[in-house]
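> only geometry, no sequence info:
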């Protein structure tokens with residue numbers, strides 16, 4: 001979702017140099033100005049001349065040129081034929097590298113724990129590993145008498161499970177094609193999905209609603225709710241969800257459980273650097 005840009009009444013960008021809340025005496029003004037230049041060029045999505053950057057950020061033109069030259073030496077910005085400055089892809093590569101170094105399991109563990117506590121149901125994190133969908137985390141409530149046949153490392157059915165559907169819904173076309181290559185839409189006790197066409201229609205519904213539901217389709221008496229999590233630098237996508245006896249979900253408000261799952265997915269996405277709407 002694209003956030004509205006913040007522009008002051010005089011047309012100056014929100015990237016203008018301004019005091020940082022809670023900044024300490026160790027704050028370096030030159031570094032703050034350099035970050036402001038990068039943010040301005042990123043938000044503008046176009047090239048600016050030195051004079052325009054200087055005016056918008058309210059810094060001397062000579063200082064502005066020095067900052068841009070330093071960034072140019074580092075490969076972060078470049079000049080076009082009109083002597084205007086723009087970002088290169090170096091920041092993008094840094095962001096992707098940083099995201100790849102995040103251990104999603106460490107970040108997700110407390111969220112999955114909380115989801116299980118909140119719903120009193122078995123909670124999972126599922127992930128796309130490049131070729132299949134696997135359960136990566138599993139948390140069972142202590143009072144749960146029923147144990148489900150899932151465990152970290154086990155493959156999840158792409159079309160029969162809510163986790164599988166939620167992840168497939170946010171894969172790009174190439175990864176989705178790889179995932180479905182040779183896939184047979186069979187199995188399940190009472191599956192609604194028996195063809196590629198019906199599965200793609202289900203993925204469209206998941207994208208629109210932001211949640212995947214499965215009610216006794218893989219196993220009689222078992223129901224699942226899951227919501228997708230997209231994250232930069234990952235193999236493709238992840239999802240969080242809960243599994244319970246169908247009777248449990250019927251007895252409880254399905255809306256309440258769905259909200260908890262969507263909130264967990266949104267919180268995890270935020271921690272991984274992806275902005276999502278709250279559910």
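Structure's in. What do you need? All figures in this text were calculated on a predicted structure; none of them were measured in a lab. Numbering: from 1, shown residues only.
> any weak-confidence spans in the stretch 101-250 of the chain?
In the predicted model of the stretch 101-250 of the chain, residues 101-102, 231-236 satisfy pLDDT under 70.
> distance between stretch 30-45 and the chain's centre?
Chain-centre distance of stretch 30-45: 24 Å, with Cα atoms, centre = their mean, to the nearest Å.
> buried stuff in it?
Neighbour-count burial for stretch 30-45 flags 33, 34, 36, 37, 38, 39, 40, 41, 44 (criterion: 16 or more other Cβ atoms under 10 Å). For glycine as for every other residue, the C-beta is placed from the backbone atoms N, C-alpha and C.
> what about residue 260, distance to residue 113?
13 Å (Cβ to Cβ, to the nearest Å).
> Ignore what I typed, I meant residue 146.
For residue 146 relative to residue 113 (Cβ to Cβ), the value is 19 Å.
> In this protein, which helix is the longest?
Ranked by number of residues, the top helix in the chain under DSSP state H is helix 254-271.
> which other residues reach that helix?
Under the contact criterion Cβ atoms under 8 Å, 6 or more residues apart in numbering, helix 254-271 has outside partners 107-108, 111-112, 114-115, 118-119, 121, 123, 210-211, 213, 225-231, 238-242, 249, 275-279.
> Could you tell me which of those residues belong to helices?
Using DSSP H, the contacts of helix 254-271 in helices are 107, 108, 111, 112, 114, 115, 118, 119, 249.
> got these as JSON lines, with neighbour count columns?
Output for the ones in helices among the contacts of helix 254-271, formatted as JSON lines (neighbours: other Cβ atoms under 10 Å):
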{"residue": "107", "neighbour count": "15"}
{"residue": "108", "neighbour count": "24"}
{"residue": "111", "neighbour count": "22"}
{"residue": "112", "neighbour count": "23"}
{"residue": "114", "neighbour count": "16"}
{"residue": "115", "neighbour count": "27"}
{"residue": "118", "neighbour count": "18"}
{"residue": "119", "neighbour count": "21"}
{"residue": "249", "neighbour count": "23"}
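> could you redo these as CSV and give each row distance to residue 58?
Below are the ones in helices among the contacts of helix 254-271 laid out as CSV (distance: Cβ to Cβ, whole Å):
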residue, distance to residue 58
107, 38
108, 42
111, 41
112, 46
114, 44
115, 46
118, 47
119, 51
249, 57
